[in-house]
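# Just the structure for this:
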Amino acid sequence: MRKRPKDSLTHKILKAISVAGIVLIAASNPYFGLAFFKGIRRDLERKEWRDFYVQLKKLQKSKRLNVEQNPDGSFTVTITQLGKDHVAKYDLDSLEIKKPESWDGLWRICSFDIPSDKQVARCALIDKLKELGFIMIQKSVWAHPFECREELTVLGRAFNVESYMYCFMASDFDGHQNNNLKIKFERKNKVMLKN
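Here you go, the predicted model:
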């Protein structure tokens, strides 16, 4: 059975480096700097050094990692934007919007105009917006009361539709519309919006 992308050693290496930001790898033990990351420890015990080195080379070649050799023979490994995008794409399951102590009274609006040839990405985006608690205002206009720009950026990049998405804030809608939106959000997410 083929591994899912987020279960692969490649994904685990990228995720470990994205969390650390930068990793120093000793020349005598190339996976020294990554071994303490829980997600890949088991793989490193099973795999040989050569497999790990091959993966690092592949990630460097695919421009997902920068690997630079230091004068002392060690290597400095950093993740590129392409590598971060890869991690985000397969890490959507853990994406969530943090709920603050109190609501600032502003609605975060996500609007999009995704071309018909990207219908699958559009459907995936809508499904994820629903999962994150967004409320539909219109088919391509969704609202959420909490700060979520970073999460929307991750979604846009993951589904390759970022250039078709627009995000803005609104403090008010037509009287009853604002109240209806608040009620819908509270019911759907089982949360009270308090200013």
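
# going forward, measure contacts and count neighbours with C-alpha atoms only.
Fine.

# Wait, a helix at residue 56?
Yes - per DSSP: H, G, I helix; E, B strand; the rest coil, residue 56 lies within a helix segment.

# and it, how many neighbours?
Residue 56 has 22 neighbours, counted by other CA atoms under 10 Å.

# That one and residue 71, how far apart?
Residue 56 sits 19 Å away from residue 71 when distances are taken as CA to CA, to the nearest Å.

# Contacts only, for the spatially most central residue of the chain.
Per CA atoms, centre = their mean, the C-alpha nearest to the average position across the chain is that of residue 88, at 3.2 Å. The neighbourhood of residue 88, defined by CA atoms under 8 Å, 6 or more residues apart in numbering, consists of 154, 157, 158.

# Please list the members of the residues you listed that lie in helices.
Mapping the contacts of residue 88 onto helices (DSSP state H) picks out 154, 157, 158.

# where does this structure dip in pLDDT?
1-9, 17-50, 89-90, 175-176 (pLDDT under 70).

# How is it partitioned into domains?
Following automatic domain parsing, the chain resolves into domains at 5-92, 98-189.

# Distance to residue 195 added to these, as a markdown table?
A markdown table is the format used below for the domains of the chain (distance: least, CA to CA, whole Å):
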| stretch | distance to residue 195 |
| --- | --- |
| domain 5-92 | 29 |
| domain 98-189 | 5 |
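
# picking that back up, of the contacts of residue 88, which is the nearest to residue 191?
Sorting the contacts of residue 88 by distance to residue 191 puts residue 154 at the head of the list, at 24.3 Å, by CA to CA.

# Now do the closest one against residue 66, distance only.
In this structure, residue 154 and residue 66 are separated by 21 Å, where distance is defined by CA to CA.

# Would you reformat the contacts of residue 88 as JSON lines and include distance to residue 96 and neighbour count?
Compiled in JSON lines, the contacts of residue 88 are given as follows (distance: CA to CA, whole Å; neighbours: other CA atoms under 10 Å):
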{"residue": "154", "distance to residue 96": "11", "neighbour count": "21"}
{"residue": "157", "distance to residue 96": "16", "neighbour count": "17"}
{"residue": "158", "distance to residue 96": "15", "neighbour count": "20"}
